[in-house]
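**Q** Fold the following, please.
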Amino acid sequence: MLDEINRSPVCSWQFAQWNDEQKKEFLDVCTGVRGVKMTYDSFFKEIMNPDVHPERLEELLSLLLGQNIHIRQVLPNDSVRLADESSLLITDIVVELEEGSLANIEIQKIGYAFPGQRGACYSADLLLRQYKRVKGQRKKKFTYQDVKTIYTIVFFEKSTSEFHEIESAYIHRAKQVFQTGLKLNMLQEYVLIPLDIYKESTHNKTINNKLEAWLSFLCDDSPERILEIVGKYPDFQEMYEEVYEIYGNIEGVMDMFSKELLELDRNTVQYMIEEQQEQLDALHKEVDEKRKEVEEQKKRLEEQKRKYVEQQKMFDEQQRKYEEQQKRLEDQQKIFVEQQEKYEKQCQQIEIERLEKEGIKKELEELKNIVNKLSEGKL
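**A** Coordinates of the predicted model:
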């Protein structure tokens with residue numbers, strides 16, 4: 001294989017542009033060590049082309065949507081959807097189904113940030129596309145009954161963290177419903193398939209049904225799994241053979257492989273930009289929250305300071321009253337001491353007077369006794 005590559009200056013130059021891991025991947029596929037990654041845009045569109053093989057995409061959609069699907073036509077994906085985000089999409093096929101519904105099938109190598117919001121925008125864009133087209137066709141006969149369901153089906157080769165929070169779930173279906181049980185057709189339905197979680201969940205397990213075979217066909221490139229798929233469902237053999245027929249043209253397949261790698265690099269850069277933007281937004285949010293916390297703490301401190309000042313004023317007022325009361329008490333104490341001293345002096349004076357009166361009384365009695373004795377002639 002290396003000799004064949006080196007014989008062509010174009011192939012040799014392209015091969016030299018790849019890193020060692022990419023070179024090994026390409027050689028492993030060419031030599032049968034591993035299968036082709038069907039999530040590559042070129043191979044998926046070649047094998048699943050609804051213009052050439054509508055029955056293949058019809059079967060996959062029927063299994064995913066749980067109803068018989070027939071494709072009426074393939075629509076050009078030249079809508080007004082966000083052009084600057086299209087680089088994040090590896091595959092984007094829009095088909096109109098037999099009853100008029102539209103299905104948008106996307107494969108994303110890297111599950112970028114906010115898949116819910118973006119998926120809703122893509123679905124709304126496709127719904128608007130259908131509305132404008134049908135209204136233009138029906139003109140005055142148009143009614144909203146003419147607008148049919150929009151199915152958004154997204155395969156993620158590498159899913160985001162939100163998907164990994166739900167253990168072992170790898171098919172997520174959603175549509176708008178009312179909690180009251182009100183029955184209205186809100187037109188938008190979603191099926192999200194994280195292929196990495198499917199592959200991890202079914203590791204070392206056998207394939208049990210046709211849907212698992214399809215999902216394995218899309219994400220598992222091990223020879224053992226390929227042989228199991230073909231052994232259980234021989235109709236897959238034709239698709240694998242078509243892939244390896246493509247590899248018969250080395251120069252053409254190398255060109256396809258180079259484009260896939262270039263697109264993957266662009267996706268990775270875009271993803272890193274969005275991831276950094278998300279981190280920056282989270283940082284700004286954290287800073288804003290910290291700023292709010294600081295402002296709230298500042299308000300609390302100011303409130304505490306205000307209360308402290310008020311309490312200090314109350315304390316000063318109480319201190320002033322206490323000092324006034326203390327002064328009045330001291331004055332009363334002084335008056336009491338003075339009155340006590342005056343009382344003691346009065347008591348002393350009374351005692352002296354009493355003693356004096358008792359002394360005079362005694363002397364009078366003695367004189368009286370003397371007079372009595374004199375009168376009696378006893379003296």
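**Q** contacts for the one helix or strand E58 maps to?
**A** Taking DSSP states H and E as the definition, one finds E58 inside helix 54-65. Here helix 54-65 makes contact (C-beta atoms under 8 Å, 6 or more residues apart in numbering) with 47-48, 50, 68-71, 93, 95, 103, 105, 151, 153, 171, 191, 193, 210-211, 214, 239. C-beta coordinates here come from the backbone N, C-alpha and C atoms, glycine included.
**Q** Can you list the strands that the helix or strand following that helix pairs with?
**A** Downstream of helix 54-65, the first helix or strand assigned by DSSP H and E is strand 71-75. Strand 71-75 sits in its sheet next to strand 91-97 (antiparallel), going by DSSP bridges.
**Q** any idea how far the residue nearest to V230 when sequence neighbours are not counted is from E228?
**A** Closest residue to V230 in three dimensions, ignoring its sequence neighbours and counting by C-beta to C-beta, 6 or more residues apart in numbering: Q237, at 4.7 Å. Going from Q237 to E228 by C-beta to C-beta, to the nearest Å gives 12 Å.
**Q** Neighbour count: these two, which is higher?
**A** E228 (16 against 13; other C-beta atoms under 10 Å).
**Q** In contact with the more buried one, which residues?
**A** T206, I207, S216.
**Q** gap between it and G377?
**A** E228 is 169 Å from G377, by C-beta to C-beta.
**Q** tell me the mean pLDDT over stretch 58-65?
**A** Taken as a whole, stretch 58-65 has a mean pLDDT of 95.
**Q** quick one: the helix or strand that Q130 is a member of to strand 71-75, angle?
**A** Under the criterion of DSSP H and E, Q130 resides in helix 115-138. Between the axes of helix 115-138 and strand 71-75, defined by axes from the mean of the first three to the mean of the last three C-alpha atoms, to 10 degrees, the angle is 100 degrees.
**Q** List the buried residues in helix 115-138.
**A** Buried residues in helix 115-138, counted by 16 or more other C-beta atoms under 10 Å: P115, R118, G119, Y122, S123, D125, L126, L127, R129, Q130, V134, K135.
**Q** Return the list of helices and strands in contact with the helix or strand harbouring K334.
**A** Here K334 sits within helix 250-376, counting by DSSP H and E. When contacts are defined as 3 or more C-beta pairs under 8 Å, 6 or more residues apart in numbering; DSSP states H and E, helix 250-376 packs onto helix 2-7, helix 9-17, helix 20-30, helix 41-47, helix 235-246.
**Q** low-confidence ranges in the stretch 251-379 of the chain?
**A** 259-277, 378-379 (pLDDT under 70).
**Q** For burial, what's the neighbour tally of the closest residue to F163 other than its chain neighbours?
**A** In space, and not counting its chain neighbours, F163 is closest to P194: 4.4 Å by C-beta to C-beta, 6+ apart. When counting by other C-beta under 10 Å, one arrives at 27 neighbours for P194.
**Q** So for P194, what pLDDT did the model give?
**A** Here, the pLDDT recorded for P194 equals 93.
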